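Chemist: build me a model from this:
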Amino acid sequence: MTSTASKTAPALLFLALFGNAAHAALVPPQGYYEGIDQLKHSDGNFRCEPAPKPFTGALQFRSKYEGSDKARATLNVASEKAFRESTQDITTLEKGVSKMIGQYLRDGRPAQLDCALGWLQTWAQADALESTDFNHTGKSMRKWALGSMSGSWLRLKFSNSQPLAAHQAQAEQIEKWLAHLAEQTVRDWSDLPLEQINNHSYWAAWSVMATAVATDRRDLFDWAVKEYRIGVNQVDEQGFLPNEVKRRQRALAYHNYALPPLAMIASFAQANGVDLRKENNFALQRLGEGVLAGARDPAQFNARAGVKQDLKELQVDSKYAWLEPWCALYQCVGDTLARKHHMQPFNSFRMGGDMTRVYDPSAEQKAK
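Modeler: Numbering: from 1, shown residues only. Okay, the predicted model is just below:
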């Protein structure tokens, strides 16, 4: 009769020899495990609207900066209107899914979950957003939408309340679709020359990172980390991103816009044992500090960009949602922490919803 010890010895030897080579399942930061605040059995006044029409056509959209010079910083009102109209169904999906998932995690009404899953499944079944006929604005919309959807999906997938347990077939179909979009996003944004790598690449990398964790795809995770490193290694000693400085009067706004995806990638990497905080001599910390200083006094950005900065976007609290993951990475204190608390709670559908609930739940409870 074979002893238990002799049976298990080969397995233990295998683990000893090869255990380090096998990766653990990818996970999100701790806050994504939060459960439903209060599970309710009635759906109250919630009404599920029909899903927006799945976008299956060519991803060819006009740019809101159409006709601008190479700085791409002067808004074209007519082309922006055309852009908003042609992408309305995509944006409705992004915002709607984020809102319904957020509501469900707070209120626990079954119809909220069913509606969000129904919307996503409708688009997944149609292979929406998978067109390989696209321009720059089109592939940008694809990665923004992917980041929004996967970022929101993570809150369902990892919630301690296990809301997807009774919806496994739907979840598998949705995740398969998200993975297809991530694979195409990798193809869309890989191997660009350095002078073309800017905030768009960082948002693409965040969308792939979120999907990597949602679908446990180490290849996607590694690609996102690689793109992150390319991005933060562009940050110079003064905390500027040269390709965002090119945006002239909107240089500060675009530095601020580059921070959410970079901070989210670093946060997710840290959760999986990859510490990116020190990359390029703490470049992400330097970038954030530079933007916060610029928001107080844009003189340095005015000088570097050679033009007075447009500060309109810097006056919107939600534009600083990156402070949640960033402060979790670098332990904000003093004025920065006070500014964060003053602006909370942060909600960004492109980052996946309520970031304060994920990264600073005690502050989120105080805000209620």
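Chemist: could I get the pLDDT score of residue 79?
Modeler: Looking at residue 79, its pLDDT reads 78.
Chemist: for residue 199, see how far away it is.
Modeler: Distance from residue 79 to residue 199, counting by CB to CB, to the nearest Å: 20 Å. Every residue, glycine included, has its C-beta placed from N, CA and C.
Chemist: higher neighbour count, the two?
Modeler: Taking other CB atoms under 10 Å, residue 79 and residue 199 do not tie; residue 199 has more neighbours (22 against 18).
Chemist: gap between the more buried one and residue 234?
Modeler: 11 Å.
Chemist: and what of residue 119?
Modeler: 37 Å.
Chemist: ditto for residue 170
Modeler: 40 Å.
Chemist: just the CA trace of stretch 144-164, in PDB.
Modeler: What follows is stretch 144-164, C-alpha atoms only, in PDB (Å, rounded to 0.1, in the frame of the first residue of the first chain):
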ATOM      1  CA  TRP A 144     -11.500  54.200 -23.600                       C
ATOM      2  CA  ALA A 145     -14.600  52.000 -23.700                       C
ATOM      3  CA  LEU A 146     -12.600  48.900 -22.800                       C
ATOM      4  CA  GLY A 147     -11.000  50.600 -19.800                       C
ATOM      5  CA  SER A 148     -14.400  51.800 -18.600                       C
ATOM      6  CA  MET A 149     -16.100  48.400 -19.000                       C
ATOM      7  CA  SER A 150     -13.300  46.300 -17.600                       C
ATOM      8  CA  GLY A 151     -12.700  48.800 -14.800                       C
ATOM      9  CA  SER A 152     -16.300  48.500 -13.800                       C
ATOM     10  CA  TRP A 153     -16.400  44.700 -14.300                       C
ATOM     11  CA  LEU A 154     -13.600  44.200 -11.800                       C
ATOM     12  CA  ARG A 155     -15.800  45.500  -9.000                       C
ATOM     13  CA  LEU A 156     -18.300  42.800  -9.800                       C
ATOM     14  CA  LYS A 157     -15.800  40.000 -10.500                       C
ATOM     15  CA  PHE A 158     -13.900  40.400  -7.200                       C
ATOM     16  CA  SER A 159     -16.600  41.600  -4.800                       C
ATOM     17  CA  ASN A 160     -16.900  39.500  -1.700                       C
ATOM     18  CA  SER A 161     -20.600  39.300  -2.300                       C
ATOM     19  CA  GLN A 162     -19.900  37.200  -5.500                       C
ATOM     20  CA  PRO A 163     -22.700  38.800  -7.600                       C
ATOM     21  CA  LEU A 164     -21.600  36.900 -10.700                       C
END
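Chemist: centre of the chain versus it, how much separation?
Modeler: 11 Å (CA atoms, centre = their mean, to the nearest Å).
Chemist: more neighbours, residue 119 and residue 234?
Modeler: For residue 119 versus residue 234, neighbours defined as other CB under 10 Å are more numerous around residue 119 (23 against 20).
Chemist: what helix or strand does the more buried one sit in?
Modeler: helix 110-125 (DSSP states H and E).
Chemist: and that helix, what's buried?
Modeler: 110-124 (16 or more other CB atoms under 10 Å).
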